[in-house]
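1. sequence unavailable; structure follows:
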């Protein structure tokens, strides 16, 4: 083997080692998050990529900042205990127009009221929801369960009634990390809320 051949071999070695090591952490994260349909936890990504969780967390935050700084049409958000790509807010209307051709599927007023009761009173039974709203809510609850916004959360030990709570999909759709980020209700409640509470018990 000539000197030139040996020199060429040494130059090729780093490139071959890089290929054997696999893609960079950021590229690997992008590839995985591109195909998920729900937020993925940092620890799950760390296990799959066999990297320390703190490295994965730092890379995710770096990517999120990079996309924001570049003004991309998407961003990377930490929502409902995990990370996922989302359409950037100022591009949402265009995506909705493309996907739905102008048709927007919205929750009814009854569904929104029921969802609010579940969110702030969970875990809660259908009877309790009906008492707070003053109207039977069974049909609306079935709709919310079917849409994945509400899920069963066991049974009441006294009445054996099925209890309901909001799902991780609910957090994802509202862009919340956890329930502690729900807005405070106090500013929206009437002054005689204590009397109202007594009448709904």
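-> Sure, I can see it. Model, not experiment: these values are computed from the prediction.

2. count of neighbours near the nearest residue to residue 149 once chain neighbours are set aside?
-> Counting by Cβ to Cβ, 6 or more residues apart in numbering, residue 149 lies nearest to residue 170, which is 4.7 Å off, once chain neighbours are set aside. Any C-beta I mention is one placed from the backbone N, CA and C, and that applies to glycine too. If you count neighbours by other Cβ atoms under 10 Å, residue 170 ends up with 21.

3. can you check residue 83 too?
-> Burial of residue 83 is recorded as 25 neighbouring residues (other Cβ under 10 Å).

4. next: the one 4 residues further on.
-> Around residue 87 sit 15 other residues, with neighbours defined as other Cβ under 10 Å.

5. let me know the pLDDT of the residue lying closest to it once chain neighbours are set aside.
-> Distances taken as Cβ to Cβ, 6+ apart put residue 95 closest to residue 87, at 4.9 Å, once the chain neighbours are dropped. Per-residue pLDDT puts residue 95 at 82.

6. these two touch, right, residue 95 and residue 88?
-> No. If you go by Cβ atoms under 8 Å, residue 95 and residue 88 don't touch, sitting 9.5 Å apart.

7. what's near enough to touch the residue nearest the centre of the chain?
-> Taking Cα atoms, centre = their mean, the centroid of the chain lies closest to residue 172, which sits 2.7 Å from it. Shown in contact with residue 172 (Cβ atoms under 8 Å, 6 or more residues apart in numbering): 38, 39, 79, 80, 84.

8. what sits against the first one?
-> In this structure, residue 38 makes contact with 80, 82, 84, 168, 169, 172, judged by Cβ under 8 Å, 6+ apart.

9. so which of the residues you listed belong to helices?
-> Judged by DSSP state H, helices contain the following of these: 168, 169, 172.

10. pick the one among those residues closest to residue 67.
-> residue 172 (18.4 Å; Cβ to Cβ).

11. and that closest one, how far is that from residue 184?
-> 21 Å (Cβ to Cβ, to the nearest Å).

12. please apply the same query to residue 81.
-> Per Cβ to Cβ, residue 81 is found 22 Å from residue 184.

13. okay, those two: which has more neighbours?
-> Counted by other Cβ under 10 Å, residue 81 and residue 184 do not tie: residue 81 has more neighbours, with 15 against 7.

14. quick check: phi and psi on the more buried one?
-> phi 80, psi 10 (degrees, to the nearest 10).

15. pLDDT wise, what is it at?
-> For residue 81, pLDDT reads 90.

16. can you name the residues that contact it?
-> Per Cβ under 8 Å, 6+ apart, neighbours of residue 81: 39, 41, 168, 171, 177, 178.
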